[in-house]
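Enquirer: Got a predicted structure plus its sequence, pasted below:
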Amino acid sequence: MFFLSFILFSQVFSKLLDRTFVGTNLNPSWEKFLVPSEDDSVRCQHTSSPLGNGAIIETSDGKILVLKRSYNVGEFPGHFVFPGGHPEPEEVGIERHQHDKNLMNSDIINKKVSQEMFDSIIREVVEETGVPATSLCKPVFIGISRRELNVRPAAFFFMKCTLESNEIQQLYSCAQDGFESTQLYTVSVIELENMTSKMPGCHHGGFTLYKLMVEAQKDI
């Protein structure tokens, strides 16, 4: 929990300044903002890098949910992605860009930030797919992936869903944020492997994290 709090605190503030993200990470010359270092916190100290999130959702019939992004969105139009978005600073009482030591060191805020990491991914899945929260099992944090292009990080979670693929397809037509995508796919792991070349780098990395999780479970 503390690790997630630290990551979110160090990056979520810049989510409140979208112009900073556009001016650094989305700048055509974004690489000029990077500092030569193997340490990401040093390497990306001059970029906005708001923390995104993504969910790898496994249906009750063993499929994985994938969305095809609309061509009207700003980032990666037409690409395949896992459901996701970003945590909301406002949900934990952070309403402006600030670096208040008392806020940063507050155990209460740290706990709220950690909880928001898990709450936000459930909200994103519900809003983007139409799947009710009651059908989703507790999210499992599996790691953070960073894009090679514009170095934006994303926290990835694994969730099981109690619904079958055909039930989810029916719910998708009424998804609150369905306008962000044009189609929902329920695919096998083998089919997903063939789709990763058309995914943003961080989502490709999210799939790798999922495979590492599956392999680790086999050794238990």
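Expert: Sure thing, it's come through. Numbers count the residues shown, from 1 in each chain.
Enquirer: any idea how far residue 64 is from residue 190?
Expert: According to Cβ to Cβ, to the nearest Å, residue 190 and residue 64 sit 10 Å apart. All C-beta spots, glycine's among them, are computed from the backbone N, C-alpha and C.
Enquirer: Which one's more surrounded, these two?
Expert: Neighbours per residue, other Cβ atoms under 10 Å: of residue 190 and residue 64, the larger number sits with residue 64, 20 against 7.
Enquirer: which residues does that one bridge with?
Expert: residue 58, residue 187 (DSSP bridges).
Enquirer: just checking, it touches residue 193?
Expert: No - when contacts are counted by Cβ atoms under 8 Å, residue 64 is not listed as touching residue 193 (10.4 Å).
Enquirer: show me the residues around the residue nearest to residue 150 when sequence neighbours are not counted that make contact.
Expert: The shortest distance from residue 150 to any non-neighbouring residue, by Cβ to Cβ, 6 or more residues apart in numbering, is to residue 25 (4.3 Å). Contacts for residue 25 (Cβ atoms under 8 Å, 6 or more residues apart in numbering) come out as 47, 48, 49, 150, 151, 152.
Enquirer: which ones among the residues you listed are found in helices?
Expert: Among the contacts of residue 25, no member is found in helices (DSSP state H).
Enquirer: Export these as JSON lines, with columns for distance to residue 122, pLDDT and neighbour count.
Expert: Converted to JSON lines, those look like this (distance: Cβ to Cβ, whole Å; pLDDT from 0 to 100; neighbours: other Cβ atoms under 10 Å):
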{"residue": "47", "distance to residue 122": "28", "pLDDT": "84", "neighbour count": "23"}
{"residue": "48", "distance to residue 122": "25", "pLDDT": "80", "neighbour count": "24"}
{"residue": "49", "distance to residue 122": "23", "pLDDT": "77", "neighbour count": "25"}
{"residue": "150", "distance to residue 122": "27", "pLDDT": "78", "neighbour count": "21"}
{"residue": "151", "distance to residue 122": "27", "pLDDT": "81", "neighbour count": "21"}
{"residue": "152", "distance to residue 122": "21", "pLDDT": "83", "neighbour count": "25"}
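Enquirer: which ones among those residues are found in strands?
Expert: For those, not one is inside strands, with DSSP state E as the criterion.
Enquirer: a markdown table please, covering those residues and showing distance to residue 208.
Expert: Listed next are the contacts of residue 25 as a markdown table, based on distance: Cβ to Cβ, whole Å:
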| residue | distance to residue 208 |
| --- | --- |
| 47 | 23 |
| 48 | 25 |
| 49 | 20 |
| 150 | 19 |
| 151 | 17 |
| 152 | 17 |
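Enquirer: Quickly name whichever of those is closest to residue 163.
Expert: residue 152 (30.5 Å; Cβ to Cβ).
Enquirer: which one of the contacts of residue 25 is nearest residue 59?
Expert: Relative to residue 59, the closest of the contacts of residue 25 is residue 152; by Cβ to Cβ it sits at 28.0 Å.
Enquirer: quick one: that closest one and residue 32, what's the gap?
Expert: 16 Å.
Enquirer: how about the host helix or strand of residue 122: buried residues?
Expert: Counting by DSSP states H and E, the element that carries residue 122 is helix 107-129. For helix 107-129, the neighbour count (16 or more other Cβ atoms under 10 Å) marks 109-110, 112-129 as buried.
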